[in-house]
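Student: model the following, please.
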Amino acid sequence: MTMMPTPCGPALPLLVSVLLCLNARCMCHADESDRSVSSPLSQCSLYLAPSSIEGAGLGTFTAKDIGAGQQVGPAEIVHNVFDLPLHQSPAIADECNLSDYDWIGEDYQAQTEARRVLSLIPGCGAAINSHPGLHNTIGGMPSPLTSSATVAHESSVITGVATSMYHKLDRSIDPGAGAISYYGDLHSYATSNIKAGSELFSHYSDMYFADRPEVFGLIPLATDFASADKIIATFIGFVDDNDKAEKNEKLSDDAVEDLWKAIVTSFETKGVSSVEGGDKSDELVYDHDVVAKRLRGALPDTVSGVRRAAEVGAAATSLPDFVRSKEWLDEKGKCLDHVRPGLSDIPQAGRGAFANRFIPAGTVVLPLPLIHINRTLLDMYELRDDPQHVGRLLKSKLPRTKQILYNYCIGHPDSSVLLYPYGTMGSYVNHAREANVKLRWNEDEGNMNGYHHPDWLKEDSATVLEHKPGLMLELVATRDINEGDEVLLDYGSEWAKAWVNHVETWQSKVAERRGKGNEYIYPHMLNQDPIIRIQSEQEKNPYPSNVDVCCYHLHEFSTTSNPVEARIVIQDGKKSTEKGRAWKEGALYGANASYIRHCEVLERKEVMSNGKEIEYLYTVLLEADKDQPQNSYDRLIFDVPRKGIKFVDLPYQSDQHLEFAFRHEINVPDDVWPSAWMDLKKKDGGKAGPGRRSSNGMVCACMCVCATFIWKFVGFLVDEASAE
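Tutor: All right, here's what the predicted structure looks like:
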């Protein structure tokens, strides 16, 4: 790296030490409610507003202080998407708009549902941006099952948020079984104290940004901001010493400014080296040059900026507007906490959205930023093993059903465009003919910093589907809504007819399935058993064929708090000494959170709990992780309590995979849905969407087949005549 000339002698040691520090770091980095008094907005504490990150679209802001470890925003529902690359092509799955918002299913204990599970979390998992140096929130993990309560994502169990109440759906009697996500009550938490007005940032990891330079450029990573803080501290120490120096030895303000410019400029140059056997003047751009540029982006341009960074940190200095005033949020943003989650009284509905405060008619109850996709993306086909080729799957020609995500999307039967609302609380709003909210397109796109593109409403569907997300609907109160009332939307007449038909045919479909011998036991029923059978007992008395035994475990083991130890294990009356680790309960979030994996229960022993009650502890062997091979002692876990073992559905066994589970999008009225998007509507009024054919289409197909046959037959006669 080329060194820039220094302005004067006393500054040289500082510059040299900083550059040496950079060189060492580069080499390392290469490896590594009173409605009469106040308005709804005055009480709002969570906003959707233009992000402080340029080009990042919308962001989520808090209007109140949040302490480290406290919950951020409402609980959210997890929407799982199953085997998307198998039902669609891998290229389509990777390039669709959903791919920018999905998470790994294992992070939400959903990996046992299918071969590949991707999770979408509206609100905390999609409407919160990421900043490498300012991340202040993190998504939590579902809590382990205990003997006295059920967890939110337990199969068929829908819990009340912050209450002990819950609903259960039973596929033998409830037509709503499999129609809603059972993965809910997912919280986000503050990883540090968050000041009122701050934008909320999740942590996508440095690798997320480093792997996408074509999208984000060479932006500073978390390690760069940490290094910048060290350089700034060193420089400020020098400046403080300079201020105390004698007049004849003291640098002028201009000299100090020049010194800082020399330091930051040195990070903008490329290293020059020779290629072995090549031209000595060939220029090579090494990884450490990329690191230098990232680090340069973390350093302030001026000494005044350095002084501010010394107080608040380099990351905060790089994004000065990430803290906004309440007035700015009221003017530029839209409130996200007019509603709260709860259990709906509507049969089969599960959860619902309830007014947090009095909401006057005409108020925007919820903004709905949208991810637009082609409706065929959610088609699911019948997949079965190819008997001729091990590991290969055969796919049916026609779709069998839709992804459960379809039920949470907004669309029109005559359009191939489907809209998935990814904002906070949008998935909780239920259907009612006597609704108190309606859908409309965002009407003040200026305040949304140009996020909503009204011109797209005039484009054809094919053009719209090529865009990245940039549309927004709103739920607007059609009448006054009192605090505690459920917020309800009319899903449309087609949805209502489809639901009525589904309810009427449900029992016959259940009876047909039962007649085929498909007996099913819900895992949550087994999770109430106080004693788990060990492997030898399961061989004689197996658990139901639809369930699997899983164990909670830490994602990463600590050699200090969770060291390897040798113990005697008894199996089938035989003793052996084995190496393993003691079980540790995971945290609600972070690196020490709990994950689940299939396990074999090897041993059960009785112990006295508090000297009064008998408790059972288990020795288990976790299934090997194919992606991250582990030593056997990282898989053998001692002293696992009952709450550390959980029954789950085997892949494709839960209600969400029922072939006759209800599937229908939320419909938008004709006067709201753009006419330019009506690409599935026939001119004669018929519909010819995916999987459908109009009567004219069938006649045309028949005529084409007949014409082809006649033409071939005539050709045959001609050939015969020529031969004679």
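
Student: so where's the stretch 251-400 of the chain uncertain?
Tutor: By pLDDT under 70, the weakly predicted segments of the stretch 251-400 of the chain are 269-288.

Student: only alpha carbons, please: show the helix or strand hosting A310 as PDB.
Tutor: Per DSSP states H and E, A310 falls inside helix 303-312. In PDB, the C-alpha atoms belonging to helix 303-312 read as follows (Å, rounded to 0.1, in the frame of the first residue of the first chain):
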ATOM      1  CA  VAL A 303     -11.600  16.000  12.400                       C
ATOM      2  CA  SER A 304     -15.000  17.300  13.600                       C
ATOM      3  CA  GLY A 305     -16.400  14.000  12.500                       C
ATOM      4  CA  VAL A 306     -13.700  12.200  14.300                       C
ATOM      5  CA  ARG A 307     -14.500  14.000  17.500                       C
ATOM      6  CA  ARG A 308     -18.200  13.100  17.200                       C
ATOM      7  CA  ALA A 309     -17.300   9.500  16.400                       C
ATOM      8  CA  ALA A 310     -15.200   9.400  19.500                       C
ATOM      9  CA  GLU A 311     -18.300  10.100  21.500                       C
ATOM     10  CA  VAL A 312     -21.000   8.000  19.700                       C
END
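
Student: contacts for it?
Tutor: Applying C-beta atoms under 8 Å, 6 or more residues apart in numbering, the contact partners of helix 303-312 are 228-229, 232-233, 235-236, 239, 253, 256-257, 260, 300, 316-317. Glycine gets a C-beta too; all of them are placed from N, C-alpha and C.

Student: inside helices: which ones of the residues you listed?
Tutor: Within the contacts of helix 303-312, residues falling in helices by DSSP state H are 228-229, 232-233, 235-236, 239, 253, 256-257, 260, 316-317.

Student: can you flag the buried ones in the residues you listed?
Tutor: A228, D229, I232, F235, I236, V239, V256, E257, W260, A316, T317 (16 or more other C-beta atoms under 10 Å).

Student: nearest to H79, of the contacts of helix 303-312?
Tutor: Of all the contacts of helix 303-312, H79 sits closest to A316, with 33.7 Å by C-beta to C-beta.

Student: now for the closest residue to that closest one other than its chain neighbours: which residues touch it?
Tutor: Nearest residue to A316, sequence neighbours excluded (C-beta to C-beta, 6 or more residues apart in numbering): L134, at 6.6 Å. By C-beta under 8 Å, 6+ apart, L134 lies in contact with F201, A315, A316, L319, F322.

Student: now render the buried ones among the ones in helices among the contacts of helix 303-312 as a markdown table, adding distance to D386.
Tutor: Listed next are these as a markdown table, based on distance: C-beta to C-beta, whole Å:
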| residue | distance to D386 |
| --- | --- |
| A228 | 55 |
| D229 | 56 |
| I232 | 60 |
| F235 | 65 |
| I236 | 66 |
| V239 | 71 |
| V256 | 72 |
| E257 | 70 |
| W260 | 65 |
| A316 | 56 |
| T317 | 58 |
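
Student: closest to Q535 among the residues you listed?
Tutor: D229 (52.7 Å).

Student: run through who's touching stretch 107-117.
Tutor: Contacts of stretch 107-117 (C-beta under 8 Å, 6+ apart): 78, 80-86, 104-106, 119, 121, 139, 141-142, 153, 183, 186, 548, 550, 595-596, 598, 648-652, 654, 656-657.

Student: for the helix or strand hosting M472, buried residues please.
Tutor: Assigned by DSSP H and E, M472 belongs to strand 471-477. By neighbour count on 16+ other C-beta under 10 Å, the buried set for strand 471-477 is L471, M472, L473, E474, L475, V476, A477.

Student: turn those into JSON lines, columns for pLDDT and distance to V487.
Tutor: Listed next are the buried residues of strand 471-477 as JSON lines, based on pLDDT from 0 to 100; distance: C-beta to C-beta, whole Å:
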{"residue": "L471", "pLDDT": "95", "distance to V487": "21"}
{"residue": "M472", "pLDDT": "95", "distance to V487": "18"}
{"residue": "L473", "pLDDT": "96", "distance to V487": "14"}
{"residue": "E474", "pLDDT": "96", "distance to V487": "13"}
{"residue": "L475", "pLDDT": "97", "distance to V487": "7"}
{"residue": "V476", "pLDDT": "97", "distance to V487": "11"}
{"residue": "A477", "pLDDT": "97", "distance to V487": "8"}
